[in-house]
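Enquirer: Give me coordinates for this.
(one chain, ligands or ions: 1)
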Amino acid sequence: MRLRAFVGALIVLAAVPLSLRSGFAQDCKKIRAGERVYNNYCLTCHGENLVSSGQTFDLRRLRAEDRSRFEISVNNGKGQMPPWKGALTSEEIDQLWHYVRANSHESKPTCRE
Ligand code: HEC
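Expert: Numbers count the residues shown, from 1 in each chain. Just a heads-up that it's a prediction; the model follows:
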């Protein structure tokens, strides 16, 4: 009985870092997918690697709490920016958000091997 509890605890301990790792890999997949979407649709105006020339909004300024602002602006367009609703799926917009967040001024770049 005691041995079983011990083995159980070992399994739980071993499983924790694994699940964390797979969560990270999942995010990297999204970030890379978002980079491809960005390069296809957004780079011409918002700049290479999200570095704005100053003519358009610098997406690296967005903060974690700006997600709904991001989605509304991207879907409906803003000023000189066309709306992307219909052109991009909500999955692609989610990937874009992950890419933007991974490279924001607030965070260290990740998934850039
Ligand atoms: C034709 C040029 C152009 C393209 C392509 C473009 N944008 Fe923009 N974007 C702009 C301009 C100009 C602004 C500034 C709008 C304003 O505030 O008047 C802007 C602003 C934004 C903002 C900030 C809006 C806010 O809330 O202030 C976000 C987010 C954004 N763009 C995301 C994207 C994404 C994601 C893509 C690719 C799917 C994209 N843009 C493609 C021109 C563009």
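Enquirer: all helices of the chain, in order?
Expert: Assigned by DSSP state H, the chain shows helices spanning 2-41, 43-46, 67-76, 90-102.
Enquirer: How about the third one and the ligand, any contact?
Expert: Read that as helix 67-76. Yes - Helix 67-76 comes into contact with the ligand (CB under 6 Å from any ligand atom), by way of Arg69, Phe70, Ser73, Val74. For the C-beta atoms, the positions are set from N, CA and C on the backbone; glycine is no exception.
Enquirer: Put the buried members of these into a ChimeraX selection.
Expert: Buried residues among those (16 or more other CB atoms under 10 Å), as a ChimeraX selection:
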select :70,73,74
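Enquirer: Would you mind listing what in this protein touches the ligand?
Expert: Proximity of the chain to the ligand (CB under 6 Å from any ligand atom) is limited to residues 41-42, 44-46, 56-57, 59, 69-70, 73-74, 78-81, 84, 88, 96.
Enquirer: And the buried ones among the residues you listed, selectable in ChimeraX?
Expert: A single ChimeraX command selects the buried members of the residues of the chain next to the ligand (16+ other CB under 10 Å):
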select :41,42,46,59,70,73,74,84,88,96
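Enquirer: picking that back up, comparing the helices of the chain by mean pLDDT, which bottoms out?
Expert: Confidence, taken as mean pLDDT, is least for helix 2-41 of those (a mean of 75).
Enquirer: what's the spacing between the most centrally placed residue in the chain and the ligand?
Expert: Geometric centre of the chain, nearest residue: His98, 0.6 Å, by CA atoms, centre = their mean. In this view, His98 and the ligand are 12 Å apart by CB to the nearest ligand atom, to the nearest Å.
Enquirer: ditto for Gly54
Expert: Using CB to the nearest ligand atom, we find Gly54 at a distance of 11 Å from the ligand.
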